[in-house]
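Enquirer: No sequence on hand, only this structure:
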């Protein structure tokens, strides 16, 4: 067992060293792409890395693609000249030009107008009664309508949730509506759990865990994936409530982004790496919790399964994605 583990580690280290020596050096500071200028494509460049250097956010690569529709994103030709747009346009609506427009959007001017004194209207003369006692046709004064105030308790019960709904119903996350983003997350978690179950089952047989079966592997991975998803859901709900519940400032809704700071941070390599490490750590801890219990094996033996079937594939995937998106360079 120890010899196989040492051999696997040596092969992994050899692969990383060979790939590092064959990688091209990092571009110099004066050759970095800048917004609003032309840029010459160099070797090992990709749109995500160019956008990350030009705008500070790699997810703005679509702007470069819109400005240069002739390029192929997966096969950039070194030496070709491309145009980088000046700056990324804001996702939300433009801010109002004056204070009156800002207050009008917030609904303050409408409320203020309703509280003003009504304009003086000259009364319309009404024809006098006829001699025979019948009333002549004329405009009748409007009837006085009294509006009953709503119960104070009902308004307090619904105002918090109405405010929350009005704050987030038009919000987006990375350009997707909340419904679409939730569907994508669910599909990703389902596919990830199926693939992870197959890898754990294969790794269990490699490490001679005879108690493992395909049913137990899928059960352990689905439990791990479900609890990870529930943790993310709880954190997101708490964050939304902390940001938007009880806020009455309508100017705050000028941006269509749900979490502008989070999107800006996750659009950088450091933010993506921090998020990936947190999710991977939670996934590994939950795997160490369920695999020994479901497989009915010792924790030491389960640690080998988790290391080879959970940790190693994710690290390899991070490395491939990092090389593809330009995060990892020699």
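Expert: That came in fine, so what should we check first? Note that the structure is a prediction, hence the values are computed from the model and not measured. Numbers count the residues shown, from 1 in each chain.
Enquirer: what stretches of this structure score poorly on pLDDT?
Expert: When residues are selected by pLDDT under 70, those of the chain lie in 1-31, 87-161, 163, 246-254, 329-330.
Enquirer: Just the strands from it, written as ranges.
Expert: For the chain, the strands defined by DSSP state E occupy 38-40, 81-83, 172-173, 176-177.
Enquirer: which secondary structure elements does the third one contact?
Expert: Put plainly, it is strand 172-173. Other elements packing on strand 172-173 under the criterion 3 or more C-beta pairs under 8 Å, 6 or more residues apart in numbering; DSSP states H and E are helix 178-206. In this view, the C-beta of every residue, glycine as well, is placed from N, C-alpha and C.
Enquirer: same check, this time on the last one
Expert: The contact analysis (3+ C-beta pairs under 8 Å, 6+ apart) places strand 176-177 against no helix or strand.
Enquirer: Each with direction, which strands does it pair with?
Expert: Strand pairing for strand 176-177, determined by DSSP bridges: strand 172-173 (antiparallel).
Enquirer: What are the contacting residues of the strand it pairs with?
Expert: Applying C-beta atoms under 8 Å, 6 or more residues apart in numbering, the contact partners of strand 172-173 are 91, 178, 181, 256, 257, 258, 259, 263.
Enquirer: Now rank those by neighbours and give me the top one.
Expert: residue 258 (23 neighbours; other C-beta atoms under 10 Å).
Enquirer: dump the residue contacts of the closest residue to that residue other than its chain neighbours.
Expert: Spatially, and ignoring its direct neighbours in sequence, residue 258 is nearest to residue 171 (4.0 Å; C-beta to C-beta, 6 or more residues apart in numbering). Contacts for residue 171 (C-beta under 8 Å, 6+ apart) come out as 178, 256, 257, 258.
Enquirer: Kindly provide the distance from residue 177 to residue 257.
Expert: Between residue 177 and residue 257 the distance is 12 Å, computed by C-beta to C-beta, to the nearest Å.
Enquirer: Ok, residue 84 next?
Expert: Relative to residue 257, residue 84 is positioned 23 Å away (C-beta to C-beta).
Enquirer: Next: residue 208.
Expert: Counting by C-beta to C-beta, the separation of residue 208 from residue 257 is 51 Å.
Enquirer: Can you pull the domain assignment for this protein?
Expert: Annotated domains of the chain cover 31-90, 165-330 [automatic domain parsing].
Enquirer: number of nearby residues for residue 55?
Expert: Residue 55 has 21 nearby residues by other C-beta under 10 Å.
Enquirer: Surely it touches residue 35?
Expert: Yes - between residue 55 and residue 35 there is a contact under C-beta atoms under 8 Å: 6.1 Å.
Enquirer: can you map out the helices along the stretch 101-250 of the chain?
Expert: Taking DSSP state H, counting those that start in this stretch, the helices of the stretch 101-250 of the chain run over residues 108-115, 152-168, 178-206, 214-244.
Enquirer: Residue 261 - how many residues pack around it?
Expert: 8.
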